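# Need coordinates for the following:
(one chain, ligands or ions: 1)
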Amino acid sequence: MSLGKAMIHVRKQKAISKAAALAAEHGTALHAFQSNHILQMPVLVLNASYEPINICGARRALVLVLKGIARTEEEHGLMLHAQRSRIPMPSVIRLLEYRRIPHQTRALSRKNILLRDRNTCQYCGEALPPSELTLDHVVPRSRGGSSTWENLVACCHACNRHKGNRMLSEIEDMILLREPRPFSLHTSRQIMRMLGRSDDRWRKYLFY
Ligand SMILES: [Zn+2]
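Residues are numbered from 1 along each chain as shown. Okay, the predicted model is just below:
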């Protein structure tokens, strides 16, 4: 083997072992799993004015940061291992340009009503998984009750059966825990507060 060929051979070997090391560092299934998990973590989104406006997944938050639409205000302390680089994961991001947030109401849906009512039966107060909750018409449909934010509440099956087709005024032992309201930005903020209660990085933006 000539000297030149030997040099090339050594270089190739080095390149291969470097690639193998990189693959070992970044390409394992465990890493992929961790990355996926990290990318789904909730991130608090602030308006340019520091007003909390939304919660999004870490993946979306990273895209906003990388595109220069938002900047990271608080880091999570976790790193995303991408190709040859480690990206600090955001916990709170802030939009660089102020966005007017219309006081819109969210779509009336089972999911949003359960979200508004925090997966809690509005009669007995029990918090349950969504699969164990139903929607109850406060004024029964058979009595002219409509399917609106003000007339639909999360309800456990037991309370739903107990109430049946009666009006609340006809039942002695049942009351509504809260007046049902449309899902507004105000409600969203309540949910953000609930989610951020335990996270110090969110707290200072949510409880002011
Ligand atoms: Zn109940």
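# tell me the contacts of residue 151?
Residues near residue 151 by C-beta atoms under 8 Å, 6 or more residues apart in numbering: 137-139, 145, 180. C-beta coordinates here come from the backbone N, C-alpha and C atoms, glycine included.
# now those in JSON lines, with pLDDT?
Converted to JSON lines, the contacts of residue 151 look like this (pLDDT from 0 to 100):
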{"residue": "137", "pLDDT": "96"}
{"residue": "138", "pLDDT": "97"}
{"residue": "139", "pLDDT": "96"}
{"residue": "145", "pLDDT": "93"}
{"residue": "180", "pLDDT": "93"}
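# For the residue nearest the centre of the chain, list each beta-bridge partner.
Centroid-nearest residue in the chain: residue 42, 4.7 Å away (criterion: C-alpha atoms, centre = their mean). Judged by DSSP bridges, the bridge partners of residue 42 are residue 57.
# related to what we said a few turns ago, can you flag which of the contacts of residue 151 belong to helices?
With helices taken from DSSP state H, there is no overlap with those.
# Save the residues you listed as JSON lines, and put in neighbour count too.
Shown next, in JSON lines, are those (neighbours: other C-beta atoms under 10 Å):
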{"residue": "137", "neighbour count": "20"}
{"residue": "138", "neighbour count": "19"}
{"residue": "139", "neighbour count": "14"}
{"residue": "145", "neighbour count": "17"}
{"residue": "180", "neighbour count": "20"}
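# could I get those as JSON lines with distance to the ion?
Listed next are these as JSON lines, based on distance: C-beta to the ion, whole Å:
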{"residue": "137", "distance to the ion": "15"}
{"residue": "138", "distance to the ion": "13"}
{"residue": "139", "distance to the ion": "18"}
{"residue": "145", "distance to the ion": "18"}
{"residue": "180", "distance to the ion": "15"}
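# Just the buried residues of the helix or strand hosting residue 160, please?
Following DSSP states H and E, the helix or strand that holds residue 160 is helix 157-163. For helix 157-163, burial by neighbour count (16 or more other C-beta atoms under 10 Å) applies to 159-160, 163.
# domain parsing for the chain?
Per automatic domain parsing, the domain ranges recorded for the chain read 29-102+185-208, 110-170.
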